[in-house]
Each structure stands twice: as C-alpha cells, then as structure tokens.
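[1] sequence and predicted structure, then a few things I'm wondering about:
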Amino acid sequence: MRDEMDCKSPGLKLLRQKTRTALQAWPHCELFHVRRDWNASADMLAGQARQRQGGRNVHSPEEIQDLKTLNRLGEVIRPRASSPEMASPAGLDADNLDAKNLDVKI
C-alpha cells in the first residue's frame, strides 16, 4: 500500500493500519488493483450495501450463490507460467492485459 488511499471512517482507518502492519511481515508480497468492472462480486456487494442502507435485506440464497459464482476472477483470468512478464501478480497491469498472455475459461 502506497498511502494513496484516504479514509475518514475510524473503522476503516483501523483496518488500513492493521493491513499495513500485517504487510510488513510479508516483504515480498505486493498488492495490485483489480478494476471494479472485472470484479463482479465486489460490484454486487457494493450494490447490496446501498440497498441495505435503504432498509432492504438482500441476502437470499440465490444472491449468495451468485456471489460464489461471481467471485471467480482468479479462476477466469490467470497469467500463463510461460509468459515471464505475467509470472506473478505484481506483473499484472489491468489496463494493458494482452489476451495472448492469459488463459481465460468461459
């Protein structure tokens, strides 16, 4: 984390600090941004949170199954081991992914 994320909520500030502390134990790990339009499960959860603010409960079994289905980004888009620039998550550039470097399951 490069301190680019600002948050006002005390709860989020605490989580951000806990994350920074935990990441210090893993110096070889990097975080990378996943575009929201690639992460359908996060988009669905955000929509549900907005609906809950209006007092509507959206935790039906069908919606839970949808979340399980949508939360498969790692299975659907995966770098090929034979492509050195795509060999690790740190090498992924969501804006410049080339289809020839990806294995995509549909």
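    Structure received.
[2] outline the domain layout of this structure.
    Taking automatic domain parsing as the domain assignment, the ranges for the chain are 1-31, 32-104.
[3] which of those domains has the lowest mean pLDDT?
    Between these, the one with the least mean pLDDT is domain 32-104; it has a mean of 60.
[4] would you agree residue 50 falls within a strand?
    No: when the secondary structure is assigned by DSSP: H, G, I helix; E, B strand; the rest coil, residue 50 falls in helix instead of a strand.
[5] could you report the neighbour count for it?
    Taking other Cβ atoms under 10 Å as the criterion, the count of residues near residue 50 is 11. Every residue, glycine included, has its C-beta placed from N, CA and C.
[6] burial check on residue 62, number of neighbours?
    Summarising burial for residue 62: neighbours were counted as other Cβ under 10 Å, giving 7.
[7] same thing with residue 48?
    Taking other Cβ under 10 Å as the neighbour definition, residue 48 ends up with a count of 16.
[8] distance-wise, check it relative to residue 65.
    Using Cβ to Cβ, to the nearest Å, one gets 14 Å for the distance from residue 48 to residue 65.
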